[in-house]
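S.K.: One predicted model, sequence on top.
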Amino acid sequence: MTRLVSLKSDAKPDITPSAAELKKIAIDLLSRRDHSRQELKQKLLLKGGDADVIAEVIDWCTSENYQSDSRYCAMLVRAKVNKGYGPAVVSQAARENGIDRELLTQTLEELEIDWFELALSQYQKKFADKPITDFQDKQKRMGFMQRRGFNSAQIQYALKPE
């Protein structure tokens with residue numbers, strides 16, 4: 001007796017997943033780490049779900065407290081701050097993940113981050129106690145800090161610690 005073997009082992013059926021299947025997928029994703037509503041929606045759309053069913057599933061996840069944008073926002077902010085990024089990078093990451101500005105502002109106030117001290121510690125970590133040699137060196141250092149997401153006041157504070 002011979003068996004036919006399909007060469008397409010990764011082939012996905014053309015059937016859209018049911019609400020129960022989407023719930024299972026959503027819980028599986030959320031059990032690994034928090035996701036924003038937007039991020040979860042995108043991942044469920046990639047699984048072939050219907051937009052209306054996905055909205056219901058995400059609402060259910062939120063009502064059961066499996067998904068929370070505020071919890072996700074706090075996690076995102078802490079992760080970026082722990083990596084030494086400034087407020088501009090944190091804000092950009094939140095926007096990309098669908099976190100609204102009010103929630104981000106509220107989270108930043110709750111976490112009470114001292115951006116000036118963070119800028120100073122990142123500057124010292126990168127440049128230690130090496131004095132600025134010339135204008136180009138100063139521009140290079142300021143560019144580094146700006147790419148890390150710090151504003152000009154925070155950069156000036158880091159360049160001239162007193």
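M.R.: Cool, got the structure. Residues are numbered from 1 along each chain as shown.
S.K.: alpha carbons only for contacts and neighbour counts from here, please
M.R.: Will do.
S.K.: Could you pull out the buried residues of whatever helix or strand A119 lives in?
M.R.: Following DSSP states H and E, one finds A119 within helix 115-127. For helix 115-127, the neighbour count (16 or more other C-alpha atoms under 10 Å) marks W115, F116, L118, A119, L120, Q122, Y123 as buried.
S.K.: Which two of those residues have the greatest separation?
M.R.: Comparing all pairs in those by C-alpha to C-alpha, the longest separation belongs to W115 and Y123, at 12.1 Å.
S.K.: Hmm, G98 and R37 touching each other?
M.R.: Yes - contact status for R37 versus G98: in contact at 7.3 Å, counting by C-alpha atoms under 8 Å.
S.K.: Which of those two has more residues huddled nearby?
M.R.: Neighbour totals were compared for R37 and G98, and R37 leads with 20 against 14 (other C-alpha atoms under 10 Å).
S.K.: how close does that one sit to A94?
M.R.: In this view, R37 and A94 are 12 Å apart by C-alpha to C-alpha, to the nearest Å.
S.K.: Next, count neighbours for A128.
M.R.: Around A128 sit 10 other residues, with neighbours defined as other C-alpha under 10 Å.
S.K.: For it, report the pLDDT, please.
M.R.: A128 is assigned 86 on the pLDDT scale.
S.K.: Relative to R37, how far out is it?
M.R.: Applying C-alpha to C-alpha to A128 and R37 gives a distance of 41 Å.
S.K.: repeat for V77
M.R.: As for V77, its distance to R37 is 16 Å (criterion: C-alpha to C-alpha).
S.K.: ok so, going back, and the helix holding A119, what does it pack onto?
M.R.: Applying 3 or more C-alpha pairs under 8 Å, 6 or more residues apart in numbering; DSSP states H and E, we find helix 115-127 packed against helix 152-159.
S.K.: Could you pull out the buried residues of the helix it packs on?
M.R.: Of the residues in helix 152-159, those buried by neighbour count under the rule 16+ other C-alpha under 10 Å are Q154, I155, Q156, A158, L159.
S.K.: Which residue in these has the weakest pLDDT?
M.R.: Minimum pLDDT for those is recorded at L159 (91).
S.K.: Okay then, goodbye and thanks.
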